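**Student:** Here is the input, now give the coordinates:
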Amino acid sequence: MHPEAIRPHTLEDSLTDDFYRLLCGSELPQSAWALATRRSYQAWITTYCNFCSSVHQLPLPVDPDVFMAWLDILVTKLAGRTVTIAISAVVAWSALNNQEHPLDANPVLRLAYKGLVRTRSIRVTPQKLPLSESFVLAVYRDFWRHYRSCPGKDFVLLRSVACLLTGFESAPRVSEARMWSVCDLWPQHDLSQVLRFLNTKNNHNQNFLSSVASLAPAVYSLDQFPSAALFLSEFYLPELERLGVRRHADCVATQTSMSPCRVCPRLFPTLSPGHSISVPVTGTMTAQHISDMIRFWLCRLGVDQPKQWSGISMRSGTASLAAIMKVDPEVVRWHCRWSGHGTLGVYTSKPQHARLDVSLAVGRAYVLASASAARRPASSFSDECHVCGDGGEDLLLCDSALCRRVAHTACVGLVRIPAGAWFCPICSTPPVSPARRASALRSEVK
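**Tutor:** The predicted structure is shown next:
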């Protein structure tokens, strides 16, 4: 029996056709999961099927009593995160076979799941926020509107915008974005940028680089649309140079080096209290730095419930966008380093024009997102005035890309509706990073 022939109607025969061993040898070809996810889910689906076979019960649809007995064994022997993966595997397998969600279809299972969560028998972490062109564009325009003439006034904000633009076009893991050094970025003659990657997946000693990514040259000016390559070269890198964060004199890295630099500062560094231009004292951003940065911008842009996100996923957002923009799936797989074979430099084997496809697709998506934001329906805005909290018909709508705030003309000190763009009191105030605000408060106390 070929693995592709597995369908829900064959489950009754599976108990006699050695279906479970077949699952162990296959890669769930009917799914679109990444290779590592398929292998992990396969193992747990096989375990669940073996358990069902031992009690002479069909695996699908999920029987509440059998599933509870299986979970009881897992919870008493395994860690909470491992049990969570096992549950996810069975739920995903049910969906692939057009079965109902086991927890939604069975109230008993749903109550048991809530009990496991409350007792911390399983670990459920908040979902990561996939980066989207709308979010990145909104962050960039809010920053650009207030800091175009002095981008280095708030370095933390400048770093966050540069990190988002670069990450969205190059699709790194968060751990990889944190580890970039200033010598990993290489300008090209066509005004593009080549960015070397330190592979942090299954590379515990961090002793080799896996591939490079290319940031496409700008098609539009920064006043119109963002471009990672242009923003880095014209604003972010000069600011790093002004702060004394530059390539170390002992650095011997080249564009083709396959080992990470151990002496240069980070491309997106933290500045320690004792930092000075003559004696730079820098550090490495943590995952918490990036999570705090995302929550700051979500609150700033008026996005509901920013605390529901545990962090960001740059790769999933970029891969989804590239698929929508009809980029070759093979190019997307290489760009996001999802080959699954552990081959060093597999991405660099693609020609230069193919390596730029994803970055160019991101640039086109910014244009489409800008046009979509200009046509936002009134129903996407809040029904209550941001200032007084009352509703009404004569409400001003904020023209910031993602902001949902509205206000009465009288509440914001206006006599009539303005002819041009109008921004709410929060979007019209320059953003200030929490670090800069805390520094200002300490100065006032002194």
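
**Student:** alpha carbons only for contacts and neighbour counts from here, please
**Tutor:** Noted.

**Student:** ok, how many other residues are close to the closest residue to Leu232 other than its chain neighbours?
**Tutor:** Counting by CA to CA, 6 or more residues apart in numbering, Ala162 is the residue found nearest to Leu232 once chain neighbours are left out, at 6.7 Å. A total of 23 residues lie near Ala162 under the criterion other CA atoms under 10 Å.

**Student:** Pull the contacting residues for Ala162.
**Tutor:** The contact partners of Ala162, taken as CA atoms under 8 Å, 6 or more residues apart in numbering, are 228, 231-232, 236.

**Student:** gap between the helix or strand encompassing Ala89 and the chain center?
**Tutor:** Counting by DSSP states H and E, the element that carries Ala89 is helix 80-96. Centroid separation for helix 80-96 versus its chain: 22 Å, with CA atoms, centre = their mean, to the nearest Å.

**Student:** Helix or strand next in line after that helix, which one?
**Tutor:** Next along from helix 80-96, by DSSP H and E: helix 102-105.

**Student:** which helices and strands does that next one pack with?
**Tutor:** helix 107-118 (3 or more CA pairs under 8 Å, 6 or more residues apart in numbering; DSSP states H and E).

**Student:** and the helix it packs on, which residues are buried?
**Tutor:** Along helix 107-118, these residues count as buried under the neighbour rule (16 or more other CA atoms under 10 Å): 109, 113, 116.

**Student:** re the thing from before, buried residues in the helix holding Ala89?
**Tutor:** So for helix 80-96, counting by 16+ other CA under 10 Å, buried means 80, 83-87, 89-94.

**Student:** Can you name every helix or strand that that helix contacts?
**Tutor:** Helices and strands touching helix 80-96, by 3+ CA pairs under 8 Å, 6+ apart, are helix 35-54, helix 64-77.

**Student:** just the angle between the last one and helix 80-96, please?
**Tutor:** I take that to be helix 64-77. Orientation check (axes from the mean of the first three to the mean of the last three CA atoms, to 10 degrees): helix 64-77 against helix 80-96 gives 150 degrees.

**Student:** what about this structure, any weak spots by pLDDT?
**Tutor:** Scanning the chain for pLDDT under 70 picks out 1-36, 120-127, 200-210, 304-310, 337-353, 438-446.

**Student:** Please name the nearest non-neighbouring residue to Gly391.
**Tutor:** Distances taken as CA to CA, 6+ apart place Glu384 nearest to Gly391, at 4.4 Å, with adjacent residues excluded.

**Student:** next one: Phe235
**Tutor:** Pro151 (7.0 Å).

**Student:** any chance you could map the helices in the stretch 301-446 of the chain?
**Tutor:** Applying DSSP state H, counting those that start in this stretch to the stretch 301-446 of the chain gives helices spanning 314-324, 329-335, 352-355, 357-374, 434-445.

**Student:** okay if I get those helices as TSV plus mean neighbour count?
**Tutor:** What follows is the helices of the stretch 301-446 of the chain, written out as TSV (neighbours: other CA atoms under 10 Å):
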stretch	mean neighbour count
helix 314-324	20
helix 329-335	19
helix 352-355	16
helix 357-374	19
helix 434-445	11
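
**Student:** mind giving me CSV with the ones you listed and columns for distance to Pro130?
**Tutor:** Shown next, in CSV, are these (distance: least, CA to CA, whole Å):
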stretch, distance to Pro130
helix 314-324, 5
helix 329-335, 16
helix 352-355, 22
helix 357-374, 14
helix 434-445, 23
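
**Student:** so which of the ones you listed gets nearest Ala218?
**Tutor:** For these, the distance to Ala218 is smallest for helix 357-374, at 8.1 Å, taking CA to CA.

**Student:** Need the contact partners of stretch 173-191.
**Tutor:** Contacts to stretch 173-191, defined as CA under 8 Å, 6+ apart, come from residues 163, 167, 193-200, 216-218, 229-230, 246-247, 253-255, 261, 264-268, 284-287, 312-315.

**Student:** So which of these are in helices?
**Tutor:** Here DSSP state H is the test, and the contacts of stretch 173-191 give 163, 167, 229-230, 287, 314-315 as lying in helices.

**Student:** Now, of these, which are buried?
**Tutor:** Buried, going by 16+ other CA under 10 Å: 163, 167, 229-230, 314-315, out of the ones in helices among the contacts of stretch 173-191.

**Student:** For Glu169, give me its contacts.
**Tutor:** For Glu169, the contact set (CA under 8 Å, 6+ apart) comprises 215, 228, 318, 358-359, 362.

**Student:** chain center to the helix or strand in which it is found, what's the gap?
**Tutor:** Using DSSP H and E, the element containing Glu169 is helix 155-170. Computed by CA atoms, centre = their mean, the separation of helix 155-170 from the middle of its chain amounts to 13 Å.

**Student:** can you pull the buried residues of the following helix or strand past it?
**Tutor:** Scanning forward in sequence from helix 155-170 by DSSP H and E, the next helix or strand is helix 174-178. For helix 174-178, the neighbour count (16+ other CA under 10 Å) marks 174, 177-178 as buried.

**Student:** And the next helix or strand past helix 174-178?
**Tutor:** Trace forward from helix 174-178 with DSSP H and E and the next one is strand 185-187.

**Student:** Paired strands for that following strand, with orientation please.
**Tutor:** Here strand 185-187 is paired, per DSSP bridges, with strand 193-198 (antiparallel).

**Student:** which residue ranges form the strands in the stretch 201-350 of the chain?
**Tutor:** 209-215, 269-271, 282-284, 312-313 (DSSP state E, counting those that start in this stretch).

**Student:** TSV for the ones you listed, including distance to Gln42?
**Tutor:** Formatted as TSV, the strands of the stretch 201-350 of the chain follow (distance: least, CA to CA, whole Å):
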stretch	distance to Gln42
strand 209-215	27
strand 269-271	40
strand 282-284	37
strand 312-313	24
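
**Student:** Return the most buried member of the ones you listed.
**Tutor:** strand 209-215 (a mean of 24; mean count of other CA atoms under 10 Å).
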